[in-house]
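**Q** Structure for this input, please:
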Amino acid sequence: MSKTPLVCIVGHSSSGKTTYIERLIPELKKRGYCLALIKHHRHEFDIDVEGKDSWRYLKAGSDAAMVSSPDKVALIKKVDHDLSPDELRTFIGGGFDLIIIEGFKKADELKIEVHRAELGKALSCLPEDLVAVVTDENLDLPVAQYDLTDVVAIADLIEQRLLGKP
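**A** Sure thing, here's the model as predicted:
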């Protein structure tokens, strides 16, 4: 069984990664793909609300807690290290055509950087580590560049590079 392909959308904080991904999802869904999304945080986060059952189970010592309903499921699992994209791919399971990860600048995966001129910063990745840059300015770089509004071209690129479409 082959691994689900994944792409990392990277960039500095406030560059518009989440907004760009929100625009890219409907384009890929329109093309018939089943998607999984992973948001990578470099710092500790908590999705449990103090006092809720899953929070109480973890506080009591459980290593994982799952909440399930007829329309969604959530798993909170303690880990001993920052999981790699490949570990996350295994963790999320099968049944997806593509996994999009927001983050993982240092990963050895296909990366697309979102860059905004107003931040006044250089790219967060080396150009040779990127397949494309989505930006609002022309950069003197040896990497393909697309406008921040162009999700069709990025969806085409993802299809060609990861999903085997000509």
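
**Q** Residue 137 reaches residue 119, doesn't it?
**A** No - if you go by C-beta atoms under 8 Å, residue 137 and residue 119 don't touch, sitting 10.7 Å apart. Every residue, glycine included, has its C-beta placed from N, CA and C.

**Q** Doesn't residue 100 lie inside a helix?
**A** No - per DSSP: H, G, I helix; E, B strand; the rest coil, residue 100 lies outside any helix segment and is strand.

**Q** what's near enough to touch it?
**A** 6, 7, 9, 21, 24, 25, 35, 36, 37, 38 (C-beta atoms under 8 Å, 6 or more residues apart in numbering).

**Q** how close does the nearest residue to the second one once chain neighbours are set aside sit to residue 12?
**A** Translated: residue 7. Among residues not flanking residue 7 along the chain, residue 110 sits closest, at 4.9 Å (C-beta to C-beta, 6 or more residues apart in numbering). Taking C-beta to C-beta, to the nearest Å as the measure, residue 110 falls 19 Å from residue 12.

**Q** Please apply the same query to residue 160.
**A** On the measure of C-beta to C-beta, residue 160 and residue 12 end up 27 Å apart.

**Q** ok, these two, which is more surrounded?
**A** residue 12 (18 against 11; other C-beta atoms under 10 Å).

**Q** So which residue of this structure lies furthest out from the middle?
**A** Distance from the C-alpha centroid of the chain, by C-alpha atoms, centre = their mean, peaks at residue 60 (31.5 Å).

**Q** I'd assumed residue 160 was in contact with the residue nearest to residue 7.
**A** No - counting by C-beta under 8 Å, residue 110 stays clear of residue 160, with 11.0 Å between them.

**Q** where do the strands sit along this protein?
**A** 6-10, 35-39, 64-68, 73-77, 98-102, 110-115, 132-135, 144-147 (DSSP state E).

**Q** hmm, back to that, report the contact partners of the residue nearest to residue 7.
**A** 5, 6, 7, 8, 131, 161, 162.

**Q** same question, residue 139
**A** Applying C-beta under 8 Å, 6+ apart to residue 139 gives the contacts 115, 123, 133, 145.

**Q** Can you give me the distance of it to residue 127?
**A** 9 Å.

**Q** and the longest helix for the chain?
**A** In the chain, with assignment by DSSP state H, the single longest helix is helix 17-30.

**Q** hey, C-alpha coordinates of stretch 94-109 in CSV?
**A** Only the C-alpha atoms of stretch 94-109 are listed here, as CSV (Å, rounded to 0.1, in the frame of the first residue of the first chain):
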residue,chain,number,x,y,z
GLY,A,94,-5.6,6.0,5.3
GLY,A,95,-8.6,6.9,3.1
PHE,A,96,-7.2,10.3,2.0
ASP,A,97,-5.9,11.3,-1.4
LEU,A,98,-3.8,14.1,0.0
ILE,A,99,-2.6,15.4,3.3
ILE,A,100,-1.9,19.1,3.6
ILE,A,101,0.2,20.2,6.5
GLU,A,102,0.5,23.8,7.6
GLY,A,103,4.1,24.1,8.8
PHE,A,104,7.2,21.9,8.9
LYS,A,105,9.7,24.3,7.3
LYS,A,106,12.5,21.8,7.8
ALA,A,107,10.8,18.7,6.6
ASP,A,108,12.0,16.8,3.6
GLU,A,109,8.6,17.0,1.9
